[in-house]
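Novice: Got a sequence here, can you build the structure:
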Amino acid sequence: MSTSVPQKALSKIATNRLHKELKEWENNPPAGFKHRPTDNLQRWIIEVSGAPGTLYANEQFQLQVDFPEHYPMEAPQVIFIHNPPFHPHVYSNGHICLDILYDSWSPAMTVSSICISILSMLSSSTVKMRPPDNDRYVRNCRNGRSPKDTRWWFHDDKV
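Specialist: Sure thing, here's the model as predicted:
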């Protein structure tokens, strides 16, 4: 299910930033997350554990984080891979409707802050369901369209 993003080599700024974030992660990983080491600095695989006391307690998920050439000036692409959680903002193809991944991205954000936001989004959900437009959206995303190519409409701040 991983979406392939044609990737240009990381800039020196992006490479330095990612090395720094990786080192900080190793010293102080965000609770509920585990980085699976690979030899590709441009694609991180992160294991997510559902927070205790939430609908997703004791469930495990995986995020794939693909960093663009000009990270952190440009947001990474973040998707759930394999079995995405049933959540009103997570599509069955793993795409996540979360404003910080798109319109509200800031270079001050880090992989850790993204992960915490995603866990918060999951934890605040009161129902396990797909977004109402899941089938149509997924159909329109065939051929590996990136979620960054979607015009998201952020209107629901309750979940």
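Novice: can you list the residues that contact the longest helix that the chain contains?
Specialist: Secondary structure of the chain per DSSP state H: the longest helix is helix 12-27. Identification of contacts with helix 12-27 by CB atoms under 8 Å, 6 or more residues apart in numbering yields 10, 35, 41-42, 67-73, 110-112. (Each C-beta comes from the backbone N, C-alpha and C, glycine too.)
Novice: Quickly name whichever of these is closest to Asn83.
Specialist: Nearest to Asn83 among the contacts of helix 12-27 is His35, at 19.3 Å by CB to CB.
Novice: Assumed that closest one was part of a strand.
Specialist: Yes - membership of His35 in a strand is supported by DSSP: H, G, I helix; E, B strand; the rest coil.
Novice: unless I'm mixing things up, it is touching Trp44, no?
Specialist: Yes - using CB atoms under 8 Å, His35 makes contact with Trp44 at a distance of 6.1 Å.
Novice: Please tell me which one of the contacts of helix 12-27 counts the most neighbours.
Specialist: The most crowded member of these, judged by other CB atoms under 10 Å, is Phe67 (26 neighbours).
Novice: Look up how far Met73 lies from that residue.
Specialist: Here Phe67 is placed at a distance of 11 Å from Met73 (CB to CB, to the nearest Å).
Novice: And for Pro132?
Specialist: Counting by CB to CB, the gap from Pro132 to Met73 is 34 Å.
Novice: Could you find the closest non-adjacent residue to Val65?
Specialist: Nearest residue to Val65 in three dimensions, chain neighbours excluded: Trp44, at 4.4 Å (CB to CB, 6 or more residues apart in numbering).
Novice: count of residues packed around the nearest residue to Val111 once chain neighbours are set aside?
Specialist: Excluding its sequence neighbours, the residue lying closest to Val111 (CB to CB, 6+ apart) is Glu21, at 5.5 Å. Using other CB under 10 Å, Glu21 has 18 neighbouring residues.
Novice: Repeat that for Ile79.
Specialist: Neighbourhood size, Ile79 [other CB under 10 Å]: 23.
Novice: Surely it is in a strand?
Specialist: Yes - under three-state DSSP, Ile79 falls within a strand.
Novice: Look up the residues forming beta bridges with it.
Specialist: Beta-bridge pairing for Ile79 (DSSP bridges): Gln64, His95.
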